[in-house]
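> Here's my sequence, what's the structure:
(4 chains)
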Number of protein chains: 2
Amino acid sequence: MENTKTRNKTDTRRAAIVERLAGHVLAHGLVAASLRPLAKAAGTSDRMLLYYFSDKTEIIAATLQHIAERMVILLSARTTPEPLPLGELITHLSSVVLDDQFWPYMCVWLELASRAGRGDPLYAPIAMQIGSGFLAWGEAQLASPDAATRAKDAARLLVTIEGMVLVKAIG
Amino acid sequence: MENTKTRNKTDTRRAAIVERLAGHVLAHGLVAASLRPLAKAAGTSDRMLLYYFSDKTEIIAATLQHIAERMVILLSARTTPEPLPLGELITHLSSVVLDDQFWPYMCVWLELASRAGRGDPLYAPIAMQIGSGFLAWGEAQLASPDAATRAKDAARLLVTIEGMVLVKAIG
DNA sequence: ACGTTAATGTAGCGTTCGCTACAAGAGAAA
DNA sequence: TTTCTCTTGTAGCGAACGCTACATTAACGT
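All right, here's what the predicted structure looks like:
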């Protein structure tokens, strides 16, 4: 009992910290995610960050996880419950994804992808998980005649949306 | 005369150094582009890097510039001289761009884009320059009925190719 | 009240970062 | 030869990095 109680307490703290860390990473990017700035953004010290998390990789992993969850929520709040054909879904989704409110998430996503592309052992699995999550979401959102074309359409959706993100990034 | 002679000499050295720096950045990414490792890769010291270049931003700018030139050469060595319709150009170009030999360039390109997306004053203009260069190259390579659709097709080409690159990066 | 454990501050370690001051060697000009 | 500029090595600066040792405070069960 004491064990679970303590556990829940630190877990709650961790969650609160991660919440703030996510804000900082979304605002300034992974490139600015070093312990002392992160700690200041979370309202604590680097010492405490390493008290609640074992090391930096765990901090980053938890933060990215949280950001991904936030993104899913934001995304599903902006989409219709009914499935759409590929073309319409692309136009609708691109307007959502290129929106200013959504852009910080896409910037972090780009950073994540650029690190994953080099096979970074921390970022690669996270990127793959988020990517396949998006793919599944796309499949569920698509109104395609059969499962095979739906899978294909989801892949095309992914490619097109990500392409637009990258093109927007370079201006 | 003495002026131009000296100029040429240091320019030659600079070019030789940049050549090696490009190799290192292609192999290990911008994330590993700090002065001392770069210098070791170039066969000199960090002291000399800052003798031939005024500061790190100039080093990185010159290196990325050189990488972009190499990429253009590699790209035009792999493409047909005659223009192609959009669909064929996409399939052909994607096979080139996703090739292992080309992949390091795409990884650097992703890093560049992720920094440019945040409006970094060093990387944003370079990324934009390379991006619009690729767009122009695409327009020249496309067999489209009129100029308007050619411009549109080039944009679609860019989006699709970059989308594929990003998707490959995340696995 | 007391003792134990959880939570937090302070201070610092060792490393790497971009960059610079200073001086010594090298090569041409006088 | 002497001088003067170009080139290079050595050494180090101050800052930031991830992380840790130690000590102190806060909280709580007994």
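> Contact residues of chain A facing chain B?
With C-beta under 8 Å from any C-beta of the partner chain as the criterion, chain A meets chain B at residues A:29, A:31, A:106-107, A:110-118, A:124, A:127-128, A:130-131, A:155, A:158-171. Just so you know, the C-beta spots here come from the backbone N, C-alpha and C atoms, and that holds for glycine as well.
> among the residues you listed, which are in helices?
Secondary structure assignment by DSSP state H places A:106-107, A:110-116, A:124, A:127-128, A:130-131, A:155, A:158-170 of the residues of chain A next to chain B in helices.
> ok, of those, which come out buried?
The neighbour count (16 or more other C-beta atoms under 10 Å in any protein chain shown) marks A:106-107, A:110-116, A:124, A:127, A:130-131, A:155, A:158-170 as buried among those.
> In contact with residue A:21, which residues are there?
Taking C-beta atoms under 8 Å, 6 or more residues apart in numbering or on different chains, we find residue A:21 in contact with A:38, A:41, A:42, A:59, A:62, A:63, A:66.
> any idea how far DNA strand C is from the second one?
Plainly put, residue A:41 is 15 Å away from DNA strand C if you go by C-beta to the nearest atom of the strand, to the nearest Å.
> The last one too?
Remark: distance between residue A:66 and DNA strand C (C-beta to the nearest atom of the strand) = 19 Å.
> do you know how far the residue most central in space within chain A is from residue A:62?
For chain A, the residue sitting closest to the mean C-alpha position, by C-alpha atoms, centre = their mean, is residue A:68 at 2.7 Å. Distance of residue A:68 to residue A:62, given as C-beta to C-beta, to the nearest Å: 11 Å.
> pLDDT below threshold where in chain A?
A:1-7 (pLDDT under 70).
> residues from it in reach of DNA strand D?
A:2, A:33, A:34, A:35, A:36, A:37, A:46, A:47, A:50, A:55, A:56, A:57 (C-beta under 7 Å from any atom of the strand).
> so which of those comes closest to residue A:11?
residue A:2 (14.6 Å; C-beta to C-beta).
> DNA strand C contacts on chain A?
A:6, A:9, A:10, A:13, A:44, A:45, A:46, A:47, A:48, A:51.
> re the thing from before, following the helix or strand containing the residue nearest to the centre of chain A, which helix or strand shows up next?
Element membership for residue A:68, per DSSP states H and E: helix A:56-77. Sequence order places helix A:86-97 as the next helix or strand after helix A:56-77, per DSSP H and E.
> farthest-separated two in the residues of chain A next to DNA strand C?
Taking C-beta to C-beta, no two of the residues of chain A next to DNA strand C sit farther apart than A:6 and A:46, at 22.9 Å.
> Have a look at these two and say which one is more surrounded.
Remark: of residue A:6 and residue A:46, residue A:46 carries more neighbours, 16 against 10, as counted by other C-beta atoms under 10 Å in any protein chain shown.
> which ones are touching that one?
Listed by C-beta under 8 Å, 6+ apart, the contact partners of residue A:46 are A:35, A:36, A:38, A:39.
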